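**Q** My questions concern the predicted model and sequence given below.
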Amino acid sequence: MRTCILISLLVLPLAGCPRDRGAEPAPPSAAPAPAAAPPAAAAAAPPAAAVTAADPALGGLRPRTDLPPERRAIIAAGGAEHVVDADEARAAGRTLVDLRDDWTPYIFNDLTAADGRPLPNRYRTIFLGLANDRTDADGQPLARGGAAGRPGAAEPAAAHFLEVYGIPPSLGVLRARFLADAPDATGRDRCSHVDRPSLRPLAAGALEGKRRSATDQSALAAVEARLACEGLLPHAGHRAGAWDEGLRQAVLRFQRKHKIYQGPSAIRGETLAALRRTLVENDHAALVRVLTERAVAAADVLEDGSVDRPGAKGAAPTAPTWRAADGTQLAVRNLVDEVSRATLEQLGLTTPAAALAFFQRHPAADFAWLRAAVRMPPPPEYHSKEMALEVEIDRGDVSYDPPFNARGKRVYPSRTRHPQLTLFTRYRGQQIPLVKWRTTIGGWRTELAANGYEYYRYKGSDVGERVWRHVVAAPVWVAPTSTPLRALVKGKNVNGVWQTVVNYDEVGPGYLSAYGLVAAYNIVPGKGGKPDWDNGVRVHGSSEYRSIFDPAGYSHGCHRLVNHLAVRLFSFVLRHRRMTVDGEQNFGFSRDFLYKDHVYVLRLPTRGYRFALDPPLPVHVLEGNIAGKVQQPIEGLVRIPGTRYPPGDVPSTSDKPEERAGAAAGGDAEEEE
């Protein structure tokens with residue numbers, strides 16, 4: 001047997017200290033290293049009006065031209081940008097919205113312990129490398145050059161497009177995109193030749209057949225032309241005029257670029273709308289999304305209108321109400337929309353043309369210091385430093401029936417009520433809903449038994465009263481022995497050679513891992529000196545967004561959220577609860593495993609960056625509606641119809657907490673590149 005020990009290069013960047021950031025590979029010219037100070041010439045403030053006294057148009061603040069970069073903030077007024085003192089702006093009630101390329105969400109910041117000790121966050125370096133298109137998820141430099149290896153294309157060969165996974169691009173990356181997509185003097189961009197009227201809904205089933213209408217053929221040609229002009233085609237495996245895997249992968253990459261939570265099985269809905277827009281219109285939509293995350297983090301809000309109740313036919317949704325201290329009945333506001341609009345309007349970035357002009361007048365180096373001083377709408381009075389927060393998880397419709405019919409064919413139970421997670425706050429005797437999002441519950445999954453064969457097993461979600469005692473940023477998942485080994489390896493181009501390496505995408509830390517970017521542990525707190533009971537159920541971010549939005553989607557028992565919402569949720573919770581920062585939890589885990597005559601070494605130096613809530617946050621998991629014939633979960637393994645098994649009984653099972661996360665076993669085939 002040939003033995004090959006492969007250790008992911010992720011261990012190296014994770015093991016580094018913050019001072020090692022200066023040794024990172026140089027970024028592309030459009031995305032400067034976040035921590036680097038701009039050169040003296042490039043760091044000069046943008047042109048400001050020659051005003052030395054307090055200016056009423058600036059809310060009484062004084063324009064300044066003498067400030068070092070770390071003291072600057074910008075305000076737009078009178079059709080011009082002005083630089084003011086950031087501290088003075090904050091003292092005047094303005095909120096500083098961070099536009100720098102070294103921004104990360106709160107949970108990935110370098111924080112301090114209760115005694116003042118610095119607690120560096122190891123994943124911060126990885127997050128910044130991904131957001132700035134400098135490194136891959138293992139911390140290794142990206143290959144540079146045109147998209148798909150085509151010189152002169154708009155995007156670098158390994159541009160990430162990770163918004164769907166919770167990592168928005170930096171402003172420096174968006175700047176490069178805007179400048180590359182800018183229309184010429186005649187108002188035409190490089191995609192103006194695409195026949196937009198021909199773009200129409202396309203169903204893969206019709207396109208894969210031998211007969212195709214002239215209308216469908218014309219629409220497919222327009223899709224190919226649009227993807228080609230964005231540098232997403234040609235793609236390996238695509239033949240011109242064919243609806244094949246190469247084209248599906250190009251569509252998937254387009255969807256990721258524009259944060260569209262669909263699959264590449266058809267052209268419809270948001271995908272079709274994005275194909276019909278101009279390049280700069282799509283770039284502006286991306287800027288709105290990126291600035292929304294920055295504004296939400298700066299204003300420290302969460303409410304996004306998701307708790308609104310659908311109105312009657314043709315009527316607008318209605319928001320739930322709450323009673324203020326003076327007795328006034330008020331609606332729960334959409335604060336995410338409010339702070340986003342305030343930021344865009346006050347910076348004058350409400351149109352694609354204005355956004356393009358913003359990036360044209362700001363050199364790349366400016367994004368090492370840029371912050372905007374924004375007058376945010378006041379928060380509701382129920383907001384406070386310590387809020388009485390609690391979570392309710394409604395499991396919706398639940399089916400325990402085996403996932404196949406009498407003929408052994410796989411079936412998926414229908415659901416009308418989907419799992420929902422709601423965050424509430426209690427204020428003056430009221431339970432006020434803040435957000436309500438789709439989540440997942442467990443269902444029937446495949447599991448590798450001790451005899452080496454796969455079986456079905458029902459991996460349900462616990463019901464009852466739980467608490468969150470810990471929140472972990474960039475968590476890792478210790479794969480149990482029941483995990484199919486094919487899920488623990490992946491193919492990767494290493495120094496120009498395609499190799500099979502340990503799949504740290506699955507175990508973490510990282511946006512593709514089983515626990516996503518952040519997780520909270522649902523536990524039953526111990527009583528009378530007994531330890532906590534942890535059944536392995538987590539509320540966590542997830543890259544498998546189709547399992548969250550698909551009516552037939554299930555987890556292995558955990559409650560999944562799309563990554564960017566999980567990051568928002570836990571950042572808000574941690575900033576509105578009494579908590580301590582524990583920092584990185586050293587682990588030192590190592591496991592050798594044999595796969596296809598090769599030995600691989602999986603190493604996890606840390607369990608993640610931990611926060612401790614005190615008191616813990618209550619979580620109520622509702623039973624939901626039990627549908628189907630079977631009224632109780634089936635215990636143990638169930639044979640998969642059509643599979644030949646060795647003689648004897650079905651093997652017994654274990655109940656390790658880690659099994660609740662489950663491996664993707666290679667992931668959704670339509671989401672693999």
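**A** Received it, and whenever you're ready, just let me know what you need. Numbers count the residues shown, from 1 in each chain.
**Q** Quick check: residue 546 touching residue 263?
**A** Yes: at 6.3 Å, residue 546 counts as touching residue 263 under the criterion of C-beta atoms under 8 Å. C-betas here are computed from N, CA, C, even on glycine.
**Q** you'd agree residue 122 is up against residue 473?
**A** No: if you go by C-beta under 8 Å, residue 122 and residue 473 don't touch, sitting 9.9 Å apart.
**Q** Neighbouring strands - and their directions - for the one helix or strand residue 434 maps to?
**A** Using DSSP states H and E, residue 434 falls within strand 430-438. Strand 430-438 sits in its sheet next to strand 420-427 (antiparallel), going by DSSP bridges.
**Q** list the buried ones in the strand it pairs with?
**A** Using 16 or more other C-beta atoms under 10 Å as the burial criterion, the residues of strand 420-427 that qualify are 420, 421, 422, 423, 424, 425, 427.
**Q** Find the nearest non-adjacent residue to the last one, please.
**A** Translated: residue 427. The shortest distance from residue 427 to any non-neighbouring residue, by C-beta to C-beta, 6 or more residues apart in numbering, is to residue 382 (4.0 Å).
**Q** So what's the residue count around that neighbour?
**A** 19 (other C-beta atoms under 10 Å).
**Q** what helix or strand is it on?
**A** Applying DSSP H and E, one finds residue 382 in no helix or strand.
**Q** what's around residue 334, how many residues?
**A** Residues lying near residue 334 (other C-beta under 10 Å) number 18.
**Q** same check, this time on residue 529
**A** For residue 529, the count of nearby residues is 5 (other C-beta under 10 Å).
**Q** now do the one 3 residues further on
**A** Each residue near residue 532 was counted by other C-beta under 10 Å, and the total is 13.
**Q** could you pull out the strands for the stretch 1-150 of the chain?
**A** 72-77, 80-85, 95-98, 111-112, 118-119 (DSSP state E, counting those that start in this stretch).
**Q** could I get the ones you listed as TSV with mean neighbour count, distance to residue 643 and mean pLDDT?
**A** TSV is the format used below for the strands of the stretch 1-150 of the chain (neighbours: other C-beta atoms under 10 Å; distance: least, C-beta to C-beta, whole Å; pLDDT from 0 to 100):
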stretch	mean neighbour count	distance to residue 643	mean pLDDT
strand 72-77	22	63	95
strand 80-85	21	66	95
strand 95-98	19	53	98
strand 111-112	14	50	98
strand 118-119	12	49	98
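**Q** do you know which of the ones you listed lies nearest residue 389?
**A** Of all these, it is strand 111-112 that lies closest to residue 389, at 20.1 Å by C-beta to C-beta.
**Q** mind checking how far the closest one is from the chain centre?
**A** For strand 111-112, the gap between its own C-alpha mean and the chain's C-alpha mean amounts to 23 Å (C-alpha atoms, centre = their mean, to the nearest Å).
**Q** Kindly report the same for stretch 179-196.
**A** Distance, centroid of stretch 179-196 to centroid of chain: 30 Å (C-alpha atoms, centre = their mean).
**Q** Which parts of the stretch 501-650 of the chain are helices?
**A** With helices called from DSSP state H, counting those that start in this stretch, the stretch 501-650 of the chain shows them at 504-507, 545-549, 563-575.
**Q** before we move on, what about the stretch 201-350 of the chain?
**A** 204-208, 214-229, 245-257, 269-276, 279-299, 335-347.
**Q** I'd like the average pLDDT over the second one.
**A** The one in question is helix 214-229. Average pLDDT, helix 214-229: 93.
**Q** The third one too?
**A** Mean pLDDT, computed over helix 245-257, is 93.
**Q** counting contacts, what elements does it pack onto?
**A** helix 214-229, helix 269-276 (3 or more C-beta pairs under 8 Å, 6 or more residues apart in numbering; DSSP states H and E).
**Q** ditto for the longest one
**A** The criterion is 3+ C-beta pairs under 8 Å, 6+ apart, and the helices and strands that helix 279-299 contacts are strand 95-98, helix 171-181, helix 335-347, helix 352-361, helix 563-575.
**Q** the inter-axis angle of it versus helix 269-276?
**A** Angle of helix 279-299 versus helix 269-276, following axes from the mean of the first three to the mean of the last three C-alpha atoms, to 10 degrees, is 120 degrees.
**Q** Mind putting the helices and strands packed on helix 279-299 into CSV with distance to residue 508?
**A** Compiled in CSV, those are given as follows (distance: least, C-beta to C-beta, whole Å):
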stretch, distance to residue 508
strand 95-98, 26
helix 171-181, 24
helix 335-347, 27
helix 352-361, 34
helix 563-575, 12
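**Q** Quick one, which of the ones you listed gets closest to residue 453.
**A** Comparing these by C-beta to C-beta, helix 563-575 comes nearest, at 33.3 Å.
**Q** so which helix or strand takes in residue 470?
**A** strand 464-473.
**Q** which strands and helices sit next to that strand?
**A** strand 518-524, helix 563-575, strand 598-622.
**Q** can you list these in a markdown table and add mean pLDDT and mean neighbour count?
**A** What follows is those, written out as a markdown table (pLDDT from 0 to 100; neighbours: other C-beta atoms under 10 Å):
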| stretch | mean pLDDT | mean neighbour count |
| --- | --- | --- |
| strand 518-524 | 96 | 25 |
| helix 563-575 | 98 | 23 |
| strand 598-622 | 96 | 19 |
